[in-house]
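J.: need a 3D model of the sequence below.
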Amino acid sequence: MHKIADKFVELLKWPVAVGLFLSLPAFIKSVDAFNLANIRYIALFAGFLFFFVARTMMDASARTTMEVLAHEMTHAFFAVLTFHKVKGLRINPDDSGGSMSFEGDGNWLIIIAPYFFPLLGMITMIIISFYQMFAPMNVLINGVYGFMLGYHIDTVCSQIHEKQTDLPKVGYPFCAVFLPPANFWMVGCMMAFNSRGWEGVWMYTGLIWDLDKKYLGYLFNMLGF
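T.: A predicted model of the protein is given here:
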């Protein structure tokens, strides 16, 4: 099954990258849709800023271990998502990195996932969803969520560098086309969740779709189609 999944994912590699890249104007314009003066977003940004304050006080070794663990877990999550059996996950004792082994050859999505997908953020969103079944959302939860948003952005930025061994495997041109809009998309979804939960994520997705159609219409008109 994983061989079929890998072939299908490989076929989608450049179409997905180009599609997301063409959506960049929509992702940027979508910022206007967020009511950033709302108390929920004020709490979100407070938690976001608190992460960077806490980061300076955190033990460097513990911070690195947590980042490596989250990195390898994200690889493993997408391996399972594409029907691969995960054999093991290892963190080097000297905090120099880690590794994750699985059955099969794998695909570009497994390799690139930690550089755009907020696994811990997604887990936080699921926990918040269960919390809201018993109690209403409050600014403290928004603040905690903002903390996780800060963690995601900081982790992605710290992992993308010239010594990273994953990026050459999928190709630097692909990374340049795919990663910026993919990260805009993920952060946008997290922001949308902060105000309306999963309904907000669907509304945000619909907004991007509508903006894409609008901007592609402009492009086709300019090209004379």
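J.: mind listing the helices for this structure?
T.: 2-22, 24-29, 39-57, 60-81, 108-112, 119-131, 139-159, 167-170, 172-223 (DSSP state H).
J.: who touches the second one?
T.: When contacts are defined by CB atoms under 8 Å, 6 or more residues apart in numbering, helix 24-29 is touched by residues 180-181, 184-185, 188, 207-208, 211-212, 215. Placement of C-beta: from N, CA and C, glycine included.
J.: may I have it as PDB, with CA atoms only?
T.: Only the C-alpha atoms of helix 24-29 are listed here, as PDB (Å, rounded to 0.1, in the frame of the first residue of the first chain):
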ATOM      1  CA  LEU A  24       0.900  33.400  -2.200                       C
ATOM      2  CA  PRO A  25      -1.000  36.700  -3.000                       C
ATOM      3  CA  ALA A  26      -4.200  35.100  -1.500                       C
ATOM      4  CA  PHE A  27      -2.400  34.100   1.600                       C
ATOM      5  CA  ILE A  28      -0.900  37.600   2.100                       C
ATOM      6  CA  LYS A  29      -4.300  39.300   1.300                       C
END
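J.: just the buried positions in that helix, please.
T.: By neighbour count with 16 or more other CB atoms under 10 Å, helix 24-29 contains the buried residues 25-27.
J.: pick the one among those closest to residue 79.
T.: Minimum distance to residue 79 across these is 27.4 Å, recorded for residue 27 (CB to CB).
J.: low-confidence ranges, this structure, go.
T.: For the chain, the stretches with pLDDT under 70 are 93-97, 224-225.
J.: wait, which of the buried residues of helix 24-29 is closest to residue 118?
T.: Out of the buried residues of helix 24-29, the member with the shortest distance to residue 118 (by CB to CB) is residue 27, at 15.5 Å.
J.: so how far is residue 180 from that closest one?
T.: Using CB to CB, to the nearest Å, residue 27 is found at 9 Å from residue 180.
J.: can you check residue 62 too?
T.: 30 Å.
J.: who's more crowded, these two?
T.: Shown here are residue 62 and residue 180; by other CB atoms under 10 Å, residue 180 has more neighbours (15 against 10).
J.: list the buried residues of stretch 180-193.
T.: Buried residues in stretch 180-193 (16+ other CB under 10 Å): 181-193.
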